[in-house]
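Chemist: have a look; sequence and predicted model below, questions after that.
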Amino acid sequence: VVRQPPSLCVKAQRNIGWLRLAATIAIPFVAAVASTIATSQLLNRRLRRRASSLRLQEAVVRTLAQRRIWDMERNERQLLSQNKLLKERRAASGAS
């Protein structure tokens with residue numbers, strides 16, 4: 001019995017079958033990978049924006065808090081100087 005090689009149309013059918021299988025698996029896989037990458041990029045961009053806005057808000061809050069501290073310290077110094085002046089005036093009026 002002599003085996004003859006398969007005819008060209010049978011080989012072509014086999015090759016088309018592998019191509020169909022590869023296309024059936026590869027196209028959804030490539031689409032899934034591409035959508036995953038795109039989604040992660042969008043999420044990273046959104047998270048970076050949110051983080052930068054939070055950093056800006058923190059900086060504003062820190063600045064406002066520092067200004068309040070400076071205002072409180074200035075008011076305290078003013079009150080101390082006013083009390084000192086009042087004591088001096090009382091001492092001067094009591095001495096005369």
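Modeler: Structure's in. What do you need?
Chemist: any idea which element Phe29 lies in?
Modeler: In this assignment (DSSP states H and E), Phe29 forms part of helix 8-95.
Chemist: so what does that helix touch, helix or strand wise?
Modeler: Helices and strands touching helix 8-95, as assessed by 3 or more Cβ pairs under 8 Å, 6 or more residues apart in numbering; DSSP states H and E, are absent. Placement of C-beta: from N, CA and C, glycine included.
Chemist: quick one: it to chain centroid distance?
Modeler: 4 Å (Cα atoms, centre = their mean, to the nearest Å).
Chemist: and for stretch 89-96?
Modeler: For stretch 89-96, the distance to the chain centre is 65 Å (Cα atoms, centre = their mean).
Chemist: buried set for it?
Modeler: Residues of stretch 89-96 include none that count as buried (16 or more other Cβ atoms under 10 Å).
Chemist: swap in stretch 19-27?
Modeler: Going through stretch 19-27 with 16+ other Cβ under 10 Å, nothing comes out buried.
Chemist: what about that stretch, average pLDDT?
Modeler: Here stretch 19-27 scores 85 as its mean pLDDT.
Chemist: same check, this time on stretch 88-96
Modeler: 82.
Chemist: and the contacts of it?
Modeler: Residues external to stretch 88-96 that are found in contact with it (Cβ atoms under 8 Å, 6 or more residues apart in numbering): none.
Chemist: what average pLDDT does stretch 40-52 get?
Modeler: Here the average pLDDT along stretch 40-52 is 91.
Chemist: give me the residues contacting it.
Modeler: Residues outside stretch 40-52 that contact it (Cβ under 8 Å, 6+ apart): none are found.
Chemist: just the CA atoms of it, as CSV, please.
Modeler: Only the C-alpha atoms of stretch 40-52 are listed here, as CSV (Å, rounded to 0.1, in the frame of the first residue of the first chain):
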residue,chain,number,x,y,z
SER,A,40,-6.1,50.9,33.5
GLN,A,41,-4.7,53.9,31.8
LEU,A,42,-7.9,55.8,32.3
LEU,A,43,-8.1,54.8,35.9
ASN,A,44,-4.5,55.8,36.5
ARG,A,45,-5.1,59.2,34.9
ARG,A,46,-8.2,59.7,37.0
LEU,A,47,-6.4,58.7,40.2
ARG,A,48,-3.5,61.0,39.4
ARG,A,49,-5.8,63.9,38.9
ARG,A,50,-7.7,63.1,42.1
ALA,A,51,-4.4,62.8,44.0
SER,A,52,-3.1,66.1,42.7
